[in-house]
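# Got a predicted structure here, sequence first:
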Amino acid sequence: MTINSISYAIIGAKDPAAWRSFGLEVLGMMEGQSGSENRVLLRCDERPFRFMVVEHEADALLATGFEVASQRHFAELGDALAAAGVSYEQGDALEAAQRHVRGLIKFRDPAGNAIELCHGATLDYAKFVSPQGIDAFETGFNGDMGFGHAVLPAPNLQEAYRFYTEVLGFADSDYMHFKLSDDPEDEGMGLHFLHADNPRHHSLALFQGESAANCIHLMLEVRSVDEVGYCLDRALAREIPITSTLGRHSNDRMLSFYMMTPGGFPLEFGCEGLQIDWADFTPTVTDLPSLWGHKWGA
C-alpha cells in the first residue's frame, strides 16, 4: 500500500466566513495563514491546513486529498492510473504551493468524485492552539494518520470499490449493508470502509448513494469524551442542526455525533476510534451501524 492517509479536504463555499466561524467557534480548529481574503485554512495539527475553504458558486466538497508515502510511490500511482485508463493531470506549481506539497495529481474516481494525490506534505511545526481549548486532535505522529476520514458518494458502489482497492491500493476494513426502513422490499444500502497505511479503522468509506454536496460526511477525532460533549454543547448553543445524536459505531467503536456544516454536508465529531494492527486483522461484515445512539434526523 502506498497511500498513507487522508490529508486534506478542499471545500467550496458561497460564504467562506461562515466556515471560519464554524471551524474556529464550533469545531475548535485553528486558523491557518491563507494569504487570501477569499480562502480560509483550518488546521488541527502540525500541518498548515486540513480544510481549505475557497469562495465558490456552490457550497460543496470540491476535492479530497490523499497523501502518498513517497515520490516513488507517487509516480507508481500515476502509472497505475494511466494503466487503468484514468485521465489525470499534474497540479501546477501554484496549486502545489497552495496545498503545501511537493507533488500533486488530480482526477475523478469512477463515481465522479474529485480526488487529489499528493506527496511531500509540509509540516510547519507551528504550535496548534485551539481557540476552544482542545488539547489535540487525533491525527497521529506528525499527522501521519490524517485528519480523520471522508465518506464519499458512490452510486456505482462495486465499480468504485474495485478502483480504490485494485488501482489505488486501499484495503478492506468492513463492509456494511443496512436498510433505511422496515419495508421488506427495501433492498438497503451498501457501504465499504477502507483503510490506508495507518492504524485508523478507515480513512475512506464509499456509500451507495448520492449527495448534492459531493460528500456524505467528513470526520474529525479528538482525544476525550469531554471534548465531544463540549463541541456538542457549542453546536446546540448556536442552533446548528444535529443530524445524528450521540452514539457509538459498531465497526470502528467511534463515539460521536453528527452536525450539519456550512458546506451542506454533515461532519462527524468523535473520539475513541479503533487503531488497528493490520498484520493481524480480518475484515468484517456489519449490518448494525451503531451499538447505541446515532438517531438520525434528530
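Looks like it came in fine.
# And the strands in the stretch 101-250 of the chain?
Taking DSSP state E, counting those that start in this stretch as the test, the strands found in the stretch 101-250 of the chain are 103-108, 114-119, 148-153, 171-178, 189-195, 204-207, 217-222, 242-249.
# Which strand or helix spans the closest residue in space to E116 that isn't next to it in sequence?
What sits nearest to E116 in space, not counting adjacent residues and going by CB to CB, 6 or more residues apart in numbering, is G65, at 4.3 Å. Quick note: C-beta positions are derived from backbone N, CA and C, even for glycine. Following DSSP states H and E, one finds G65 within strand 60-68.
# That strand - contacts with which helices or strands?
Packing partners of strand 60-68 (3 or more CB pairs under 8 Å, 6 or more residues apart in numbering; DSSP states H and E): strand 3-13, strand 114-119, strand 148-153.
# strands paired with that strand, and their directions?
Sheet pairing of strand 60-68 (DSSP bridges) gives strand 3-13 (antiparallel), strand 114-119 (parallel).
# which residues sit against that strand?
Contact partners of strand 60-68, identified using CB atoms under 8 Å, 6 or more residues apart in numbering, comprise 2-12, 54, 56, 74, 77, 99, 106, 113-119, 121, 146, 150, 152, 168, 196, 203-204, 212-215, 218, 263-265.
# do stretch 183-192 as well
151, 157, 161, 164, 172, 174-180, 205-209.
# Out of the strands of the stretch 101-250 of the chain, the one nearest P48 is which?
Closest approach to P48 among the strands of the stretch 101-250 of the chain (CB to CB): strand 114-119, 12.6 Å.
# Work out the gap between that closest one and the centre of the chain.
What separates the centre of strand 114-119 from the centre of its chain is 13 Å, taken as CA atoms, centre = their mean, to the nearest Å.
# could you give the angle of that strand to strand 103-108?
If you take axes from the mean of the first three to the mean of the last three CA atoms, to 10 degrees, strand 114-119 sits at 160 degrees to strand 103-108.
# Strand 114-119 to strand 148-153, inter-axis angle?
Using the same axes, to 10 degrees: strand 114-119 against strand 148-153 is 150 degrees.
# buried set for strand 114-119?
Judged by neighbour count (16 or more other CB atoms under 10 Å), strand 114-119 contains these buried residues: 114-119.
# Same check on stretch 167-178?
For stretch 167-178, using 16+ other CB under 10 Å, the buried residues are 167-176.
# Give me the secondary structure label for A17.
Using DSSP: H, G, I helix; E, B strand; the rest coil, the structure places A17 in helix.
# what's the neighbour count on it?
Using other CB atoms under 10 Å, A17 has 13 other residues around it.
# Quick check: R200 vs F193, distance?
Distance of R200 to F193, given as CB to CB, to the nearest Å: 11 Å.
# same thing with F22?
On the measure of CB to CB, F22 and F193 end up 26 Å apart.
# same check, this time on A136
25 Å.
# for W278, same thing?
The spacing between W278 and F193, counted by CB to CB, is 13 Å.
# ok, and what's touching stretch 288-298?
176, 178, 242-250, 253, 256-258.
# follow-up on the earlier one: what comes up buried for the next helix or strand after the strand holding G65?
Counting by DSSP H and E, the element after strand 60-68 in chain order, helix or strand, is helix 71-83. For helix 71-83, burial by neighbour count (16+ other CB under 10 Å) applies to 73-74, 77-78, 81.
# Only the C-alpha atoms, please, for helix 71-83, written as CSV.
Backbone C-alpha positions of helix 71-83 (Å, rounded to 0.1, in the frame of the first residue of the first chain) are rendered in CSV as follows:
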residue,chain,number,x,y,z
GLN,A,71,7.9,10.3,-4.6
ARG,A,72,8.5,6.8,-6.0
HIS,A,73,5.1,5.6,-4.8
PHE,A,74,3.6,8.8,-6.2
ALA,A,75,5.0,8.0,-9.6
GLU,A,76,3.8,4.4,-9.4
LEU,A,77,0.3,5.5,-8.6
GLY,A,78,0.4,7.8,-11.7
ASP,A,79,1.4,4.8,-13.8
ALA,A,80,-1.4,2.7,-12.2
LEU,A,81,-4.0,5.4,-13.1
ALA,A,82,-2.7,5.5,-16.6
ALA,A,83,-2.8,1.7,-16.9
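# quick check: mean pLDDT across that helix?
Taken as a whole, helix 71-83 carries a mean pLDDT of 96.
# do stretch 247-261 as well
98.
# cool, and stretch 286-298?
Mean per-residue pLDDT for stretch 286-298: 90.
# Check stretch 129-138 too.
Stretch 129-138 comes out at a mean pLDDT of 98.
# check contacts around L206.
L206 neighbours (CB under 8 Å, 6+ apart): 111, 151-152, 154, 157, 160-161, 164, 191-192, 194.
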